[in-house]
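Trainee: Provided below for reference: sequence and predicted model.
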Amino acid sequence: MATTLIKGGTVVTATGRSEADVLIDGETIVAVLAPGSVLLGTDLTAGVDTVIDATGKYVIPGGVDAHTHMELPFGGTAASDTFETGTRAAAWGGTTTIIDFAVQTYGQKVLDGLAAWHEKAAGNCAIDYAFHQIIGGVDDDSLAVLPSLVDEGITSFKLFMAYPGVFYSDDAQILKAMQVSAETGMLTMMHAENGPVIDVLAAQLVEKGKTDPYFHGIARAWQAEEEATHRAIMLSHLTGAPLYVVHVSAKQAVEQLAWARDNGQNVFGETCPQYLYLSLEEQLGASSEEWGAFEGSKWVCSTPLRSREEGHQHHMWQALRTNDIQMVSTDHCPFCMKGQKELGLGDFRKIPNGIGSVEHRMDLMYQGVVSGQITLERWVELTSTTPARMFGLYGKKGVIQPGADADIVVYDPNGHTSIGLGKTHHMNMDHSAWEGFEIDGHVDTVLSRGKVVVDDNQYIGSKGDGKFVKRGLSQYLI
Ligand SMILES: [Zn+2]
Ligand SMILES: [Zn+2]
């Protein structure tokens, strides 16, 4: 097996930083050593196959993006990144594991939905991948199958309080699924927005001629998110199911989560870079020469971008500091403007929902370190360590320690990254939701299970490098 020494860097974990060398044997980290260690008379630098010089750089565990949708069918089209293009883009950005959502649609068998996802991903991924299971039709059949997913390495399932007629679960269905969650220890993931209410508001807006993307954000009011979050928390309390609320964007929803956590509940929340940086006014309300007010469709996602005037973004950064929100995923769900987003010209309800970010999460969150929003250690915790613990991957992923997979990023704090088309953009999209963002840092080298896949602004991995990873139960429960 090939051996690698990452030398001279600052190893950063969720709990601290130290000058250390990292020794890799094959796919695994075997030692974290005092700088320049000579062991039993062996100069490691001379003894290993490859030396990576990380002087002046951070050595961090590879990113774990726990929320992606490669090739997801949505609104008559499908997310534009395949597992091949999406995981390669992730690798470019220093993410070495994704957890994607296998989908069971209404009327379909759960295991058929899961098998279809395995088929899409197998042999195509640049980095390791795991799955959550979306349950789009909670019925006796799917409830009976749910516990067996644990043996498949799928220890979390997602329900939707939004999208009536598509993925929606009513309260009775949620209650029953949460009972299974409580019995098995599987984590219930919730898209917490009151869909029936949103659909009425959206229809009323369109009827009044308010059809631009901006009104997507008006229809999906924060009250609908707060209410659904509260309802999910109460059903979790009633059943004892551990609850993880996805893509939290409203400060009022954060207050609900904080309240539940103060109450001792196993309730968690994730947010995404778009809810930290982007807003209703600046992005959903944007206008361009090419697209007019339809420009805003680039940022149509659900939950929606929130009003900056109302201060949601500021509150979300704070929640990351106080651990009222525990981690940051992307909800990567890319659609092109041409042929996809433009399906919603004249009716914002028909715009495919999603933003592509899988490539930029590590950089965007590092910029939060530069701007003083979070510490360096918290950056690693939010983007790698907690996602690994939350979803049963910790030990192998999310940490630099002996025995862990050698998923490692060498990050240069003196480097620079310009985001946008023709600069850094490897996602399969005809635009970037992050066009013009400048990052005071740079992903220099990325190792996936010991193999260098990105180095010196070149991708040198290949599809099929990434393997399916079975997950254990959550390691984050209180
Ligand atoms: Zn969702
Ligand atoms: Zn999602």
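Mentor: Thanks, I have the structure now. Please read these numbers as outputs of a predicted model, since none were measured by experiment. Ligands and ions are numbered 1, 2, ... in the order given.
Trainee: What is the neighbour count of residue 189?
Mentor: The local packing of residue 189 (other CB atoms under 10 Å) involves 27 other residues. Every residue, glycine included, has its C-beta placed from N, CA and C.
Trainee: quick one: it and residue 241, what's the gap?
Mentor: 11 Å (CB to CB, to the nearest Å).
Trainee: for residue 77, same thing?
Mentor: On the measure of CB to CB, residue 77 and residue 241 end up 33 Å apart.
Trainee: between these two, who's got more neighbours?
Mentor: Taking other CB under 10 Å, residue 77 and residue 241 do not tie; residue 241 has more neighbours (27 against 15).
Trainee: And the helices in the stretch 101-250 of the chain?
Mentor: Taking DSSP state H, counting those that start in this stretch to define them, one finds helices in the stretch 101-250 of the chain at 110-121, 140-145, 171-184, 195-207, 214-219, 222-239.
Trainee: Can you lay out those helices as CSV showing distance to residue 443, mean pLDDT and mean neighbour count?
Mentor: Listed next are these as CSV, based on distance: least, CB to CB, whole Å; pLDDT from 0 to 100; neighbours: other CB atoms under 10 Å:
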stretch, distance to residue 443, mean pLDDT, mean neighbour count
helix 110-121, 23, 98, 17
helix 140-145, 40, 97, 15
helix 171-184, 36, 98, 18
helix 195-207, 37, 98, 16
helix 214-219, 32, 98, 23
helix 222-239, 33, 98, 21
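Trainee: which stretch among the ones you listed comes nearest residue 90?
Mentor: Closest approach to residue 90 among these is made by helix 110-121 (12.7 Å; CB to CB).
Trainee: show me what contacts residue 68?
Mentor: 86, 90, 98, 99, 100, 101, 329, 330, 331, 332, 333, 358 (CB atoms under 8 Å, 6 or more residues apart in numbering).
Trainee: Quick check: phi and psi at the second one.
Mentor: This means residue 90. Residue 90 has phi and psi values of phi -60, psi -50 when expressed as degrees, to the nearest 10.
Trainee: Which pLDDT value belongs to the nearest residue to it once chain neighbours are set aside?
Mentor: Nearest non-adjacent residue to residue 90, counting by CB to CB, 6 or more residues apart in numbering: residue 358, 4.6 Å away. The confidence metric pLDDT takes the value 98 at residue 358.
Trainee: was I right about residue 303 contacting residue 247?
Mentor: Yes. Counting by CB atoms under 8 Å, residue 303 touches residue 247, with 5.4 Å between them.
Trainee: neighbour count winner among those two?
Mentor: residue 303 (29 against 23).
Trainee: measure the more buried one to residue 461 for me?
Mentor: Distance of residue 303 to residue 461, computed by CB to CB: 33 Å.
Trainee: Ok, residue 70 next?
Mentor: 17 Å.
Trainee: Counting neighbours, go ahead and name the busier of these two.
Mentor: The neighbour comparison of residue 70 against residue 461 (other CB under 10 Å) goes to residue 70, with 29 against 22.
Trainee: List the contacts of that one.
Mentor: Here residue 70 is in contact with 79, 81, 82, 83, 86, 87, 98, 100, 120, 121, 332 (CB under 8 Å, 6+ apart).
Trainee: That one belongs to a strand?
Mentor: No. Residue 70 sits outside any strand when classified using DSSP: H, G, I helix; E, B strand; the rest coil, being coil.
Trainee: Distance of it relative to residue 227?
Mentor: Distance from residue 70 to residue 227, counting by CB to CB: 31 Å.
Trainee: just to revisit the earlier point, wait, which of the contacts of residue 68 is closest to residue 19?
Mentor: Nearest to residue 19 out of the contacts of residue 68 is residue 90 (CB to CB; 28.5 Å).
Trainee: returning to what we had before: highest neighbour count among the contacts of residue 68?
Mentor: Counting by other CB under 10 Å, top hit in those: residue 90 with 36 neighbours.
Trainee: Any figure for the gap between it and residue 243?
Mentor: Counting by CB to CB, the separation of residue 90 from residue 243 is 27 Å.
Trainee: swap in residue 78?
Mentor: 29 Å.
Trainee: The stretch 1-150 of the chain: strands as residue ranges?
Mentor: With DSSP state E, counting those that start in this stretch, the ranges of strands along the stretch 1-150 of the chain come out as 3-7, 10-13, 16-19, 21-25, 28-33, 38-39, 42-43, 50-53, 58-61, 63-68, 73-74, 77-78, 95-104, 128-135.
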